[in-house]
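In: My questions are about this predicted structure, shown below with the sequence.
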Amino acid sequence: MSVIRLVWATATGPTPTASYDAALAEANVHNFNLIQVSSVIPAEARLEAVGEAPDLGAVGDGLTVVQGRHTAPPGEAGAAGIGWARSDSGRGIFYEADGESEAVVRERIADGLAAGKDLRDWAFVEDDSIVVAAEPDPDAYTTALVIAAYGESRSLLQ
């Protein structure tokens, strides 16, 4: 694994799961089994904010991710995001958050990153984030999604 790709999307659907699946499709990670991990960035990883994932492997493979996700009921807005902080060695942390607005998510990310940095004796030199807000839809569930996808997918059957 040499790259962690950040992808994001918003979408709607008739159920919470349908809107989530539609957001995954918009980000092009809908055909993978997502394997969620805690939020540590390996030193050798390069981060790329790509919006939509390129081809990362075969349908049904496992894809390792950190995920910020918010699904709102019809008529309500929501937002999700991932922030990160990296040390001078390259290692770092992600912090994912969700909430009812972009401002709330940005505040939660800032607070979470500050707490995570306090737990580590690393010299942090970089902070950034991606936050996506979803407009309310009066007739559908709405999902806002940001994913950090680690490398490429791998078979779950081996």
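Out: That came through fine.
In: if you average pLDDT over the longest helix anywhere in the chain, what comes out?
Out: Taking DSSP state H as the criterion, the chain has its longest helix at helix 102-118. The predicted model assigns helix 102-118 a mean pLDDT of 98.
In: Give me the mean pLDDT for the helix or strand just after that helix.
Out: Using DSSP states H and E, the helix or strand that follows helix 102-118 in sequence is strand 124-134. Mean per-residue pLDDT for strand 124-134: 96.
In: quick one: strands adjacent to strand 124-134?
Out: Each strand that pairs with strand 124-134, with its direction, by DSSP bridges: strand 78-87 (antiparallel).
In: Now do the helix or strand that comes right after the partner strand against helix 102-118, angle only.
Out: Using DSSP H and E, the helix or strand that follows strand 78-87 in sequence is strand 92-99. With axes from the mean of the first three to the mean of the last three C-alpha atoms, to 10 degrees as the basis, strand 92-99 and helix 102-118 are set at 150 degrees to each other.
In: Convert the longest helix of the chain to PDB, retaining C-alpha atoms only.
Out: The C-alpha coordinates for helix 102-118 follow below in PDB (Å, rounded to 0.1, in the frame of the first residue of the first chain):
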ATOM      1  CA  GLU A 102     -20.700  21.300   7.800                       C
ATOM      2  CA  ALA A 103     -19.800  23.600  10.700                       C
ATOM      3  CA  VAL A 104     -20.600  20.900  13.300                       C
ATOM      4  CA  VAL A 105     -18.500  18.400  11.400                       C
ATOM      5  CA  ARG A 106     -15.500  20.700  11.100                       C
ATOM      6  CA  GLU A 107     -15.700  21.400  14.800                       C
ATOM      7  CA  ARG A 108     -15.800  17.700  15.700                       C
ATOM      8  CA  ILE A 109     -12.900  17.000  13.400                       C
ATOM      9  CA  ALA A 110     -10.800  19.800  14.900                       C
ATOM     10  CA  ASP A 111     -11.600  18.600  18.400                       C
ATOM     11  CA  GLY A 112     -11.000  14.900  17.600                       C
ATOM     12  CA  LEU A 113      -7.600  15.600  15.800                       C
ATOM     13  CA  ALA A 114      -6.500  17.800  18.800                       C
ATOM     14  CA  ALA A 115      -7.300  14.900  21.200                       C
ATOM     15  CA  GLY A 116      -5.600  12.300  19.000                       C
ATOM     16  CA  LYS A 117      -2.500  14.500  18.700                       C
ATOM     17  CA  ASP A 118      -2.400  14.900  22.400                       C
END
